[in-house]
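[1] with the sequence up front, the predicted model follows.
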Amino acid sequence: MIANCIIIQQTGDMLKILSSMALMWGKCRSKQDFGKTPSYYLNDEFRWATKLARYRFPDSWAIILYDIPSMLLEQQHNHLDLSQEHSMWKNIVRRSRNGLYNEADDDYDSVFGTQSENGGELINDRYAKPKQSADKNQLALKTRKLTKKVDLLLKGVIIYRNDFVMV
C-alpha cells in the first residue's frame, strides 16, 4: 500500500481543489523524472513533502493526504514500479528530464520510484548520470482516469499559512 501520498499546492490552488474535489490536471508538470508527458507527482513521506512545500511556496501552501492501495495501481491500472529496476530508472529519468519520450510516457497509468537528486544537472548536461535519492520516493499519476479514482481516496488536508497571526 502506498500510504499518505502527498500533493503540495499553493493555498489559492488548494481552495479550487477543495471546491471541485478533483486533482487539477492543468497543474501537472512535464519533463520531470517519470516522463516527458504531464504527470501529477506525489511524495510518499510527509517530511519530504513539507520540505519541498516550504522551498516552493514560502508564504502559504497545503498538503493533501491520500491513502492509495497498491491493488488500485497494480491490478486495476498499468503500473510501473522502478524501485528495484535501477538501470531502467536511470534511462527513464535521463530521457524524461531531457524532454524525450520513453516507456513511462505511453505505456503506464502510474510510475513509482525514487526521486532524482540532480534534476537540474540532467537538464543542463544530457550526459550526466541520474543520482537516486537514498530515501525519497515518488508516485507519478500519468492518466486522468487514474487521478479520478485517486480523488476519491482523499484522507485529509493540512493548510499552512505563514502570514496567519493569532490575536
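    Ah, there it is. All figures in this text were calculated on a predicted structure; none of them were measured in a lab.
[2] every contact and neighbour count from this point should use C-alpha atoms.
    Noted.
[3] show me the helices in the protein, by range?
    With DSSP state H as the criterion, the chain has helices at 11-20, 46-56, 70-76, 86-97, 103-106, 119-124, 144-151.
[4] highest mean neighbour count out of the ones you listed?
    Highest mean neighbour count of the helices of the chain: helix 86-97, a mean of 21 (counted as mean count of other C-alpha atoms under 10 Å).
[5] what's that helix packed up against?
    Contacts defined by 3 or more C-alpha pairs under 8 Å, 6 or more residues apart in numbering; DSSP states H and E place helix 86-97 against helix 119-124.
[6] hmm, who's touching the helix it packs on?
    32-33, 94, 97-98, 128-130 (C-alpha atoms under 8 Å, 6 or more residues apart in numbering).
[7] repeat that with 10 Å
    Identification of contacts with helix 119-124 by C-alpha atoms under 10 Å, 6 or more residues apart in numbering yields 31-33, 93-99, 116, 127-131.
[8] just the terminal-to-terminal distance for stretch 95-115.
    The straight-line separation of the ends of stretch 95-115 (C-alpha to C-alpha, to the nearest Å) is 14 Å.
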